[in-house]
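*Asks:* Here is a sequence with its predicted model. Questions after.
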Amino acid sequence: MLLLGADEAGKGPVVGSMFVAGLVVEEDRLFDLAGWGVKDSKQLSPAKRESLARKISAITSDQYILEVKPQVIDELRAVMTMNEIMVRSFSRVLSRLHADLAMLDAADVDAERFADRVKAASKTGMVVQAEHKADQHHTIVSAASILAKVSRDASMKELEAAMNCKIGSGYPHDQITLDFLCRWVRENRDLPSCARHSWATAQRIKASFI
């Protein structure tokens, strides 16, 4: 049986893209994932995540990683809720892949509703299930969380290199990120394109300097 796991990284940051990763593996490959120590990406060091991501990619039947850029998130938030954006993003990933069963990390307070909406939006014939904290309870979703997190981390490193400054994790609780935004707005009188302008944190910082 083919199993699909999907998870996101970067839903909440004020800076940087969100990534939704989906991968498909044969059911018996779950033993490989477990043997390698695959688990929720938040419980792994960056080096371990990168090592596991290479191993995971080598055994997938198929995979797809969607990047949703800050500008796209801002544009979509003008016409829909963040929950609807998550449904749209997960459904795009599922529409690119095929398996017998898809397990999602629920991005809605109602996990069953999230699964139903993603299934409908993706027009897939797969059985689609979603659970809260699925990245902690299902190895296939843990693997997806690793691919998504490694993709986001790489994106943030590329962004720092391109802008030649420290940006930090991109999350609103990160002082390095907040200092970056404050410095940028103070010097440029506007938020950088890599920021999610619709986030309350970004709006607050912008208002304090302009």
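*Replies:* Great, that's in hand.
*Asks:* give me the number of residues near the spatially closest residue to Thr177 that is not a sequence neighbour?
*Replies:* Setting aside the residues directly before and after it, Thr177 is nearest to Gly168 in space (C-beta to C-beta, 6 or more residues apart in numbering), at 4.0 Å. (Each C-beta comes from the backbone N, C-alpha and C, glycine too.) If you count neighbours by other C-beta atoms under 10 Å, Gly168 ends up with 19.
*Asks:* Help me confirm that Gly168 is found in a helix?
*Replies:* No. Counting by DSSP: H, G, I helix; E, B strand; the rest coil, Gly168 is not part of a helix but coil.
*Asks:* measure it to Gly5 for me?
*Replies:* Applying C-beta to C-beta, to the nearest Å, the value for Gly168 to Gly5 is 28 Å.
*Asks:* still on that earlier bit, how about the residue nearest to Thr177, what does it touch?
*Replies:* Residues near Gly168 by C-beta atoms under 8 Å, 6 or more residues apart in numbering: Val15, Asp174, Gln175, Ile176, Thr177, Phe180.
*Asks:* what do you get for Val93?
*Replies:* Contacts of Val93 (C-beta under 8 Å, 6+ apart): Ala6, Val20, Ala21, Gly22, Tyr64, Ile65, Leu66.
*Asks:* Looking at the residues you listed, which one is closest to Val38?
*Replies:* Ala21 (13.1 Å; C-beta to C-beta).
*Asks:* And the closest one, how close does it get to Lys48?
*Replies:* 17 Å.
*Asks:* what about those two, which has more around it?
*Replies:* Applying other C-beta under 10 Å to Ala21 and Lys48 shows that Ala21 carries more neighbours, namely 28 against 16.
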